[in-house]
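Enquirer: okay, structure incoming, though there's no sequence with it:
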Ligand code: HEM
């Protein structure tokens, strides 16, 4: 009589064997792509972890050695193939989604089925909302955004002209979360501490859970995912805030039709304008869209603002000229979207700050669904992840002369040529400037993000003096896999200007 235990062991062995042979088959297909390895006896065992613990070093080593083509690195349970030239990046941009897939790349990277739920992956209509109606409303809602920035600074930053040493993250994260949610949802929700805390934490929980689930082979993910998913708790907490608002809005739509005089101009209205199917109009689904848009918006913007503040404190020689530009523009155009567009030196400084301090060893992750041949003749097999070595490209002298030097006005000088003006704006993704990714999946929220970051930094410059805790030293970065964040213990001195 065969026991249940024997059957379970046999099944587990069969699944493991299938997993092993699939991995070996993929490895054979990748044989022609050079490997960036530490070349030690134990490299096959240690390299998959080295790529996590020292992603920046590993990818830079590969870029220095194989620049001009492609190379591969093992990352935990998968292969990542890095593409290193503008032409190869253009090949990737042109490939159809059913051959090289953004959404399957995100699904792998964020373990989407367990962290965001299936609707996010199967029906990502929020991208269309962000790209379209949300972006078209930046100008209309800019006064509200600026009002929130002023109010948040009053509450979170010193009001006296004595120097105060402050934790940068503790002040900026709520400021960014409030400002973004003033734009998305307005008052009073944008100031609700529990709602802000939920959205700030959920991002971190998703990233931690995704890393953890990512360690396990595919067949174990459903089990592990169910155990560690932060989604049900986040949805329950978000519902406490959003259900009354959603129910009232749906009731009003039923009563007055799709458009009525006092209908709020906010994210819920924008989502509903695209929510054309019953499944999109359920409370659970709408709540999920609020969570995912906040996920995309808050931490990314906070990291950009933090790096900008530290860069300004390190390169304080730029501050007077930036203040002059901001004062002139505000006196002519007020605090408006048009005004933000005119702040070219500020735009350049922020772009340079991200070129130098955007902590991504690699980004633009895409999953190959069908074997794909690049224009240089190299074929990548279905199943691998493609990525671009962002840090190495941002620091390449061929694209940015004197790349290791911080040159705050490098892009505003380039924009003096009218033909180059659009190309060198912060908001324009190119094959050598990858803050917002690249191609048709480049960040759709970037227009709002750049305007928001500019308004925050412009307000800060006009209202506060600030300096680094240790003069001349950029705050350290904590790396976590392929990405890094400025140390959350970073402190700066601030005082209100007289
Ligand atoms: C400075 C702030 C931001 C940065 C650095 C940033 C960066 C990015 C990057 C790198 C991507 C992936 C692009 C690619 O792989 O090609 C992305 C995608 C995305 N971002 Fe942003 N983002 C920011 C702000 C925002 C904001 C404010 C929103 C929403 C209002 C947003 C919504 C999204 C969405 C929905 C996607 C997915 C696009 C798709 O599915 O095609 N982001 N972002």
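Expert: Cool, got the structure. Here the structure is a predicted model, which means the values were calculated and not measured. Numbers count the residues shown, from 1 in each chain.
Enquirer: skip the chain neighbours and tell me the closest residue to the spatially most central residue of the chain.
Expert: For the chain, the residue nearest the mean C-alpha position is residue 300 (4.6 Å; Cα atoms, centre = their mean). Leaving aside its sequence neighbours, residue 300 sits nearest to residue 449 (Cβ to Cβ, 6 or more residues apart in numbering; 7.0 Å). (C-beta placed from N, C-alpha, C; glycine too.)
Enquirer: can you pull the contacts of the one you found?
Expert: Neighbour list for residue 449: 297, 300, 301, 304, 443 [criterion: Cβ atoms under 8 Å, 6 or more residues apart in numbering].
Enquirer: what do you get if the cut-off is 10 Å, keeping everything else the same?
Expert: 176, 180, 296-297, 300-301, 304-305, 426-427, 435-436, 443 (Cβ atoms under 10 Å, 6 or more residues apart in numbering).
Enquirer: who wins for most neighbours among those residues?
Expert: Neighbour counts for those (other Cβ atoms under 10 Å) peak at residue 176, which has 28 neighbours.
Enquirer: and that residue, that's in a helix?
Expert: Yes. Under DSSP: H, G, I helix; E, B strand; the rest coil, residue 176 falls within a helix.
Enquirer: list the contacts of it.
Expert: So, once contact is read as Cβ under 10 Å, 6+ apart, residue 176 ends up touching 149, 152, 196, 200, 297-306, 449, 452-453, 456.
Enquirer: also near the ligand: which of the residues you listed, exactly?
Expert: 297, 300, 301, 304, 449 (Cβ under 6 Å from any ligand atom).
Enquirer: most widely separated two among those residues?
Expert: 297 and 304 (11.0 Å; Cβ to Cβ).
Enquirer: what's around the residue nearest to residue 400 when sequence neighbours are not counted, how many residues?
Expert: Excluding the flanking residues, the one nearest residue 400 by Cβ to Cβ, 6+ apart is residue 355, at 6.6 Å. Counted by other Cβ under 10 Å, the residues lying close to residue 355 total 24.
Enquirer: quick check: which element contains residue 355?
Expert: helix 344-357 (DSSP states H and E).
Enquirer: what residues are shared contacts of residue 297 and residue 304?
Expert: In contact with both residue 297 and residue 304: 176, 449, 452, using Cβ under 10 Å, 6+ apart.
Enquirer: what sits against residue 168?
Expert: 302, 305-306, 309-310, 313, 466, 469, 475, 486-492, 494.
Enquirer: distance check, it against residue 495.
Expert: According to Cβ to Cβ, to the nearest Å, residue 168 and residue 495 sit 15 Å apart.
Enquirer: do the same with residue 131
Expert: Counting by Cβ to Cβ, the separation of residue 131 from residue 495 is 40 Å.
Enquirer: ok, now residue 43?
Expert: 52 Å.
Enquirer: the two: which has the busier surroundings?
Expert: Neighbour comparison, residue 43 and residue 495: the larger count goes to residue 495, with 17 against 14 (by other Cβ under 10 Å).
Enquirer: quick check, that one in a strand?
Expert: Yes. Residue 495: assigned to a strand according to three-state DSSP.
Enquirer: so where's the stretch 1-150 of the chain shaky on pLDDT?
Expert: Applying pLDDT under 70 to the stretch 1-150 of the chain flags the ranges 1-2, 7-8, 10-24.
Enquirer: break down it into its strands, ranges please.
Expert: 70-75, 78-83, 100-101 (DSSP state E, counting those that start in this stretch).
Enquirer: just the element for residue 467, please.
Expert: strand 464-468.
Enquirer: other SSEs contacting that strand?
Expert: helix 283-314, strand 491-496 (3 or more Cβ pairs under 10 Å, 6 or more residues apart in numbering; DSSP states H and E).
Enquirer: let me have these in JSON lines, extended by mean pLDDT.
Expert: Below are the helices and strands packed on strand 464-468 laid out as JSON lines (pLDDT from 0 to 100):
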{"stretch": "helix 283-314", "mean pLDDT": "97"}
{"stretch": "strand 491-496", "mean pLDDT": "98"}
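Enquirer: any idea which of those is most buried?
Expert: helix 283-314 (a mean of 22; mean count of other Cβ atoms under 10 Å).
Enquirer: excluding its backbone neighbours, what's nearest whatever residue of the stretch 101-250 of the chain ends up closest to the ligand?
Expert: Residue nearest to the ligand within the stretch 101-250 of the chain (Cβ to the nearest ligand atom): residue 127, separated by 4.3 Å. Nearest residue to residue 127, sequence neighbours excluded (Cβ to Cβ, 6+ apart): residue 444, at 5.7 Å.
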